[in-house]
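Colleague: okay, here's the prediction I keep looking at, along with the sequence it came from:
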Amino acid sequence: MDENITQHFRPDEGPFIDAVGGWIQQVQDEYRPVLTHFLNPRQVYIATTLAHRADLHIRFDGGHTGAEMQRGLFYPDYYEPEAADFELAALKVDYPLKFARLHHSQVLGTLLGAGIEREVLGDILTDGEGWQVITEQSMADYLVSQVDRIGKVKSRLKPMDLADLVVPMNEWESESATLTSLRLDNIVGTGFHLSRHRSKELIEAGRVRINWAETQKPDYDLDVADIVSVRGFGRIRLNEVAGKTKKDKIRVTLAVLKK
């Protein structure tokens with residue numbers, strides 16, 4: 001990928017930027033649509049930015065309105081995407097609702113324990129009782145065959161219609177703030193009203209993830225669409241970086257989802 005493009009992103013995003021460049025080149029060379037695995041919000045932002053730079057169309061679908069994890073479809077001018085192009089499938093977790101409770105981490109851990117990568121899974125949804133999983137069509141039968149319990153709870157996965165997905169409980173709260181920097185410990189402290197020292201402790205203890213990847217670097221600089229998960233507290237999404245104040249502080253908009 002052109003150095004003029006990569007300089008606008010973080011060095012650790014280089015491999016993904018190269019992957020996007022490959023998808024764009026494939027569309028241009030073969031003049032056909034190219035479908036990605038599931039992308040997190042930061043990857044969606046990068047893919048959208050690079051597609052627009054290449055004057056190429058891109059559309060995303062994660063199976064429901066407001067989906068966090070979405071598959072991207074790069075396509076040429078002549079093509080008109082349809083829902084079926086995104087090759088999505090939905091699975092319902094069948095378990096004894098009256099006698100057991102499940103948690104997001106248990107469902108995700110079980111699925112990853114079946115030997116798959118995170119990129120083939122979309123959102124995991126709940127309405128407070130039932131649980132549903134969005135995945136790629138090609139992986140649905142495999143997951144159904146592999147899962148017979150989640151944690152210690154006897155469970156099965158059953159195919160279901162995407163139209164019957166629940167409205168998720170997630171309630172993100174928008175919060176404006178002015179920050180001295182976009183360091184991870186600063187964002188965590190601001191989002192959950194913690195001291196910088198406490199935030200640093202959580203990060204160095206391995207309780208914080210950025211876009212589902214582990215990190216122990218308090219000074220890691222965040223960017224637009226990054227999602228920070230803090231075990232025991234919830235999640236923060238950096239929605240906007242809106243310039244600086246007269247005192248050289250950074251204006252940001254955060255979305256916070258508390259546990």
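Modeller: Ah, there it is. From a predicted model like this one, the values you see are computed outputs, not experimental measurements. Numbers count the residues shown, from 1 in each chain.
Colleague: ok, now which ones touch the closest residue to residue 108 other than its chain neighbours?
Modeller: Sequence neighbours aside, residue 124 is the residue nearest to residue 108 in space, at 6.0 Å (criterion: CB to CB, 6 or more residues apart in numbering). The way it works is simple: take the backbone N, C-alpha and C, and place the C-beta from them, glycine included. By CB atoms under 8 Å, 6 or more residues apart in numbering, the contact set of residue 124 is 104, 107, 108, 131, 132, 133, 134.
Colleague: quick check: beta-bridge partners of residue 124?
Modeller: residue 133 (DSSP bridges).
Colleague: so how far is residue 74 from it?
Modeller: 26 Å (CB to CB, to the nearest Å).
Colleague: and the helix ranked longest in the chain, what's buried?
Modeller: Using DSSP state H, we find that the single longest helix of the chain is helix 14-30. Within helix 14-30, the residues that count as buried by 16 or more other CB atoms under 10 Å are 16, 17, 19, 20, 21, 23, 24, 27.
Colleague: what do you get for stretch 46-58?
Modeller: 46, 47, 48, 49, 50, 51, 54, 56, 57, 58.
Colleague: from the residues you listed, which single one is nearest residue 33?
Modeller: Of all these, residue 57 has the smallest distance to residue 33: 8.9 Å, by CB to CB.
Colleague: show me the contacts for that closest one.
Modeller: 51, 74, 75, 76, 77, 79.
Colleague: narrow those residues to those in strands?
Modeller: 74, 75 (DSSP state E).
Colleague: PyMOL command to pick out the buried ones of the contacts of residue 57?
Modeller: Selection of buried members from the contacts of residue 57 for PyMOL, criterion 16+ other CB under 10 Å:
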select buried, resi 51+74+75+79
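Colleague: columns pLDDT and distance to residue 218 on top of the contacts of residue 57, output as a markdown table?
Modeller: Below are the contacts of residue 57 laid out as a markdown table (pLDDT from 0 to 100; distance: CB to CB, whole Å):
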| residue | pLDDT | distance to residue 218 |
| --- | --- | --- |
| 51 | 97 | 33 |
| 74 | 98 | 36 |
| 75 | 98 | 41 |
| 76 | 96 | 44 |
| 77 | 95 | 46 |
| 79 | 97 | 45 |
